[in-house]
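Peer 1: Let me see the structure of the following:
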Amino acid sequence: MKKYFVIICLIISLMLLMVIQNVNALGLAPGRTTLEYEQASDTEVKLSVFNSEYKQMSVKILVQGELADYITLSETYMNFSSLDYSKEFSYKIKLPEDLENKPGLHTAEIVVLEGSEEAEKGTYVGATVAVVSQIYVYVFCPGKCIEADLNILDSKEGASLDLIVPVINRGKMKIEEAKAVIEIYSGEEKIETLETNANPIEPRMRTELSAQWQNKKQGNYKAKVQVFYDGEKTTFEKEFSVGEEIAGVKRVWVNDFVLGGIAQFRILVENKWNKDLTDVFANLIVYDAGHNEISNVKSASENIPALSEKELLAYWDTKGVEQGEYDGKLMIISQKKLADNDLVLRVNENSLEVLGVGQVIGSVEGEGIGITKLLIGLVVILLIGNIIWFVFYKRMKKKK
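Peer 2: Just a heads-up that it's a prediction; the model follows:
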């Protein structure tokens, strides 16, 4: 009987290890903080570091990038015990006055390094994992200027591609009309010219210009984009591929959600390729009703073996967020964008639903029990039950 009891305990321990193995150790939220120059100076921003494996570790916190000299950290290192799930720290920004004369985007990064040794002031040895929170500071130009990108999406019909040009007015003046021309190249040969619709853009607002490519075929392409706005023009290029997805999102869900807290998005990604994918991360962007970006978070990078699945974790701080529906975009990125998904986030007091195109990709009530907690609870119950059974059996054997 003792042999069977040991075997049962070993099986239970293996189950527990399998549950815990699928969770990333280190997380950081928010993944990006976006500020305007006028509001950035003397601003204090709070960040949360997550120890999802509940393991003993030490981390070092540092700043890098263009604005690093103007950012002061409240903490430069932290120690986590096996009981610590998360800890907070903050940073303050004090920008120079002459930055106002340099329109455009200015950036810095808060980097949290996990190490295998005790963190010490000034030095850090044995770093194994790093997570990053970006700081974006926009200085608006006095006249008219824009920021633009190109997103390539399969249309609902599936026989064509939707080409979306998101344009943000980074100037202090209204743009009366913005319009884009997209030239598509296969190698050096231009094979298509597309014109988008035209929209006005209020200062500091965003619009989308769109066109549809009907004659898509599998292959690699380059798009040359010209955006015209009130007599001015900006140009850029972007390469893209048409064909079977290398990676796809199988499921997205949020456990134990409470509005105002940190939402942990668990993103199950499938590698459909017959080769390993390296440094894969998820990038979730959330927009308000005016399609202004209110959150931009990223998961830690992971390697996904060929023809397998991996769970990525991203964290959204919902402090100040109201109940309602929010548009979102979820991108899976490695050396290039692997998958692009438009989402709707339905936020309630105790639940967060993640809806894809006409379907719920993930929905878990905040007051419910997460699958990890449920499995661990079952393991504990089984272990206690087996101990009670073993003690009872021993006593009965002695009485005989």
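Peer 1: any idea how this structure splits into domains?
Peer 2: 1-19+370-400, 31-139, 146-242, 247-368 (automatic domain parsing).
Peer 1: Let's have those in TSV, adding mean neighbour count and mean pLDDT.
Peer 2: (Glycine included, C-beta is placed from N, CA and C.) Putting the domains of the chain into TSV (neighbours: other C-beta atoms under 10 Å; pLDDT from 0 to 100) gives the following:
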stretch	mean neighbour count	mean pLDDT
domain 1-19+370-400	12	58
domain 31-139	16	84
domain 146-242	16	89
domain 247-368	17	82
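Peer 1: contact partners of the helix or strand that residue 48 is a member of?
Peer 2: Using DSSP states H and E, residue 48 sits within strand 43-51. Where contact means C-beta atoms under 8 Å, 6 or more residues apart in numbering, the residues beyond strand 43-51 that reach it are 25-30, 33, 35, 57, 59, 78, 80, 84-93, 110, 112, 133, 135, 262, 264, 313, 315, 317.
Peer 1: which ones among these are found in strands?
Peer 2: Under the assignment DSSP state E, the contacts of strand 43-51 contribute 26-29, 33, 35, 57, 59, 78, 80, 86-93, 110, 112, 133, 135, 262, 264, 313, 315, 317 to strands.
Peer 1: quick one on the thing from earlier: in its sheet, what does the strand holding residue 48 sit against?
Peer 2: strand 26-29 (antiparallel), strand 86-93 (antiparallel) (DSSP bridges).
Peer 1: How about residues contacting stretch 91-100?
Peer 2: Outside stretch 91-100, the residues that touch it by C-beta under 8 Å, 6+ apart are 35, 37, 40-45, 47, 63, 67, 70-74, 106, 110, 135, 137, 139.
Peer 1: Dump the strand holding residue 48 to CSV, keeping only the CA atoms.
Peer 2: Taking C-alpha atoms only, strand 43-51 is exported to CSV below (Å, rounded to 0.1, in the frame of the first residue of the first chain):
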residue,chain,number,x,y,z
THR,A,43,4.2,63.3,-14.2
GLU,A,44,4.5,60.2,-12.0
VAL,A,45,3.7,56.8,-13.6
LYS,A,46,3.1,53.6,-11.6
LEU,A,47,4.2,50.2,-13.0
SER,A,48,3.5,46.7,-11.7
VAL,A,49,6.0,43.8,-11.9
PHE,A,50,4.4,40.3,-11.8
ASN,A,51,5.9,37.1,-10.4
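Peer 1: How much space separates the nearest residue to residue 35 once chain neighbours are set aside from residue 347?
Peer 2: What sits nearest to residue 35 in space, not counting adjacent residues and going by C-beta to C-beta, 6 or more residues apart in numbering, is residue 137, at 5.2 Å. Counting by C-beta to C-beta, to the nearest Å, the gap from residue 137 to residue 347 is 27 Å.
Peer 1: do residue 325 as well
Peer 2: From residue 325 over to residue 347 the distance is 7 Å, taken as C-beta to C-beta.
Peer 1: same deal with residue 89?
Peer 2: 26 Å.
Peer 1: where exactly do the helices run in the protein?
Peer 2: For the chain, helices defined by DSSP state H occupy the ranges 2-21, 37-40, 371-399.
Peer 1: follow-up on the earlier one: hey, what's the residue nearest to residue 35 bridged with?
Peer 2: Applying DSSP bridges to residue 137 gives these bridge partners: residue 35, residue 106.
Peer 1: end-to-end on stretch 140-152?
Peer 2: End-to-end distance for stretch 140-152: 28 Å, by C-alpha to C-alpha, to the nearest Å.
Peer 1: no wait, stretch 308-324
Peer 2: Start-to-end, stretch 308-324 (C-alpha to C-alpha) is 35 Å.
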